[in-house]
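*Asks:* have a look at this prediction, sequence included:
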Amino acid sequence: MSQYFEIHPDTPQARLIKQAAQIVRQGGLIALPTDSSYALACQLDDKAAVERLRRLREIDDRHHLTLMCSDLSELGNFARVDNRQYRWIKGATPGPYVFILEATKEVPRRLSHPARKTIGVRVPEHAVALALLGELGQPLISATLQMPGDEAPMNDPSEIRARLEKRLDLVIDGGPAPAQPTTVIDLTSGEPELIRVGRGDIERFGLNAAAA
């Protein structure tokens, strides 16, 4: 049975954030609020926790996982970014976007796309997620909390607890989140390519929904 922390969405309690970080460090798989929907997350270098995440979502290694970062200073460690790509990302960060980029060697091979060697990266605009990332001092590996067969991602922490408490180590209740996933944009070709329409505005990239 998972633990359940009620954490204030704007002023997260430091004590609970420290406890949440300890659960992650011990191999925990958690659900946490973001600026889109809730997300599943675990420690970057924890192979067993990542495998649990994939099993829960029923996704294979060709489904991009996302490095959730606290700010853009971490980006260069995990993704190769040229000046133009950086300008695209900086203009939309923090926010509800995932950017697909070429992974560096700092990213464990099991986390990047097996053929393309790419990884998703994002900086969320949510105080709870950012507080946890700051306490951990490294990115989380994450995925939208959308269960197989569901038409939309989960955004209600009480529902997450009811459905998944036996499969998670922690549910962070930061209040309701938008019932929309992130917008996913592939920047590997040099021009933004829309992969998934979500909460983020796509017109800033010169894109429209018909491109997806």
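*Replies:* Sure thing, it's come through.

*Asks:* center of this protein, which residue is that?
*Replies:* Geometric centre of the chain, nearest residue: S142, 3.9 Å, by Cα atoms, centre = their mean.

*Asks:* what about that one, which SS state?
*Replies:* The assignment at S142 comes out as strand when based on DSSP: H, G, I helix; E, B strand; the rest coil.

*Asks:* for it, name its beta-bridge partners.
*Replies:* Judged by DSSP bridges, the bridge partners of S142 are A41, T66.

*Asks:* I'd say it and Y38 touch.
*Replies:* No - here S142 does not reach Y38: they are 10.2 Å apart, not a contact under Cβ atoms under 8 Å. From N, CA and C alone the C-beta is placed, and that goes for glycine too.

*Asks:* what pLDDT does the residue nearest to the centre of the chain get?
*Replies:* Model confidence at S142, given as pLDDT, is 96.

*Asks:* do you know how far it is from S189?
*Replies:* Distance of S142 to S189, given as Cβ to Cβ, to the nearest Å: 24 Å.

*Asks:* which residues touch A14?
*Replies:* A131 (Cβ atoms under 8 Å, 6 or more residues apart in numbering).

*Asks:* what residues of the helix or strand of the chain with the lowest mean pLDDT count as buried?
*Replies:* Lowest by mean pLDDT, DSSP states H and E among the helices and strands of the chain is helix 75-78, with a mean of 85. Residues of helix 75-78 classed as buried: L75, F78 (neighbour count, 16 or more other Cβ atoms under 10 Å).

*Asks:* next secondary structure element downstream of it?
*Replies:* Of the helices and strands lying after helix 75-78 in sequence (DSSP states H and E), the nearest is strand 79-80.

*Asks:* for that following strand, packing partners?
*Replies:* Judged by 3 or more Cβ pairs under 8 Å, 6 or more residues apart in numbering; DSSP states H and E, the packing partners of strand 79-80 are strand 97-103.

*Asks:* tell me which other helices or strands the strand it packs on touches.
*Replies:* By 3+ Cβ pairs under 8 Å, 6+ apart, strand 97-103 packs against strand 79-80, helix 83-91, strand 118-122, strand 183-186.

*Asks:* can I get that strand in CSV, CA atoms only?
*Replies:* Output of strand 97-103 as CSV, limited to C-alpha atoms (Å, rounded to 0.1, in the frame of the first residue of the first chain):
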residue,chain,number,x,y,z
TYR,A,97,6.1,20.7,-23.0
VAL,A,98,8.3,17.7,-23.6
PHE,A,99,11.1,18.2,-26.1
ILE,A,100,12.6,15.2,-27.9
LEU,A,101,16.4,15.6,-28.2
GLU,A,102,19.5,13.5,-28.9
ALA,A,103,20.6,11.9,-25.6
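
*Asks:* residues making contact with that strand?
*Replies:* Applying Cβ under 8 Å, 6+ apart, the contact partners of strand 97-103 are 64, 66, 78-81, 85, 88-89, 111-112, 117-122, 182-188, 195, 200.

*Asks:* list the neighbouring strands of it plus their orientation.
*Replies:* Here strand 97-103 is paired, per DSSP bridges, with strand 79-80 (antiparallel), strand 118-122 (antiparallel), strand 183-186 (parallel).
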